[in-house]
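Chemist: sequence first, predicted model second:
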Amino acid sequence: MKEIVHTENAPAAIGPYSQATSSNGMVFTSGQIPIDPATGAVVAGDIKTQTEQVMKNLGAVLAAAGCMAQNVVKTTCFLQDMADFAAFNAVYEEYFSENPPARSCVAVKTLPKNVLVEVEAIAVK
């Protein structure tokens, strides 16, 4: 059985999808982008600023599903520019400092709302 995960502490979906779904002890988040959930606006700034917001949003969705960073087993990270990889990593590793999950990180041509970064996760309860 699939359970829909929703929280007001992360941006609402901007399309026909859920913030996350949970099934059989697994949590699958949708990609989180740097939108401030209080304003609905993209957080202005560089890759570090946007990554901070993405990770806060991801943390809020995981918390709503009964998880935290330690439960994450895999992330997929999308960067607008691979030149931002080191700066992105500097922020990312603050959230996954011990026993980090498996990860893929790719550069893409364009992200929703023209943001610099998006991160999705798979976690185990």
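Modeler: Cool, the structure landed.

Chemist: which residues does the closest residue to Val5 other than its chain neighbours contact?
Modeler: Spatial nearest neighbour of Val5, excluding adjacent residues (C-beta to C-beta, 6 or more residues apart in numbering): Ala20 at 3.8 Å. Just so you know, the C-beta spots here come from the backbone N, C-alpha and C atoms, and that holds for glycine as well. With contact set as C-beta atoms under 8 Å, 6 or more residues apart in numbering, Ala20 has these partners: Ile4, Val5, Val27, Phe28, Thr29, Ser30, Val61, Leu62, Ala64, Ala65.

Chemist: can you show me the helices along the chain?
Modeler: 47-64, 85-95 (DSSP state H).

Chemist: what about stretch 82-96, average pLDDT?
Modeler: Average pLDDT, stretch 82-96: 98.

Chemist: pull it out as PDB, backbone CA atoms only.
Modeler: Taking C-alpha atoms only, stretch 82-96 is exported to PDB below (Å, rounded to 0.1, in the frame of the first residue of the first chain):
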ATOM      1  CA  MET A  82      29.000  20.900 -12.900                       C
ATOM      2  CA  ALA A  83      31.400  23.700 -12.100                       C
ATOM      3  CA  ASP A  84      29.300  24.100  -8.900                       C
ATOM      4  CA  PHE A  85      30.100  20.500  -7.800                       C
ATOM      5  CA  ALA A  86      32.700  21.400  -5.100                       C
ATOM      6  CA  ALA A  87      30.600  24.100  -3.600                       C
ATOM      7  CA  PHE A  88      27.500  21.800  -3.700                       C
ATOM      8  CA  ASN A  89      29.500  19.100  -2.000                       C
ATOM      9  CA  ALA A  90      30.600  21.400   0.800                       C
ATOM     10  CA  VAL A  91      27.000  22.000   1.900                       C
ATOM     11  CA  TYR A  92      25.700  18.400   1.100                       C
ATOM     12  CA  GLU A  93      28.300  16.800   3.300                       C
ATOM     13  CA  GLU A  94      27.100  18.800   6.300                       C
ATOM     14  CA  TYR A  95      23.800  16.900   6.100                       C
ATOM     15  CA  PHE A  96      25.300  13.500   5.400                       C
END
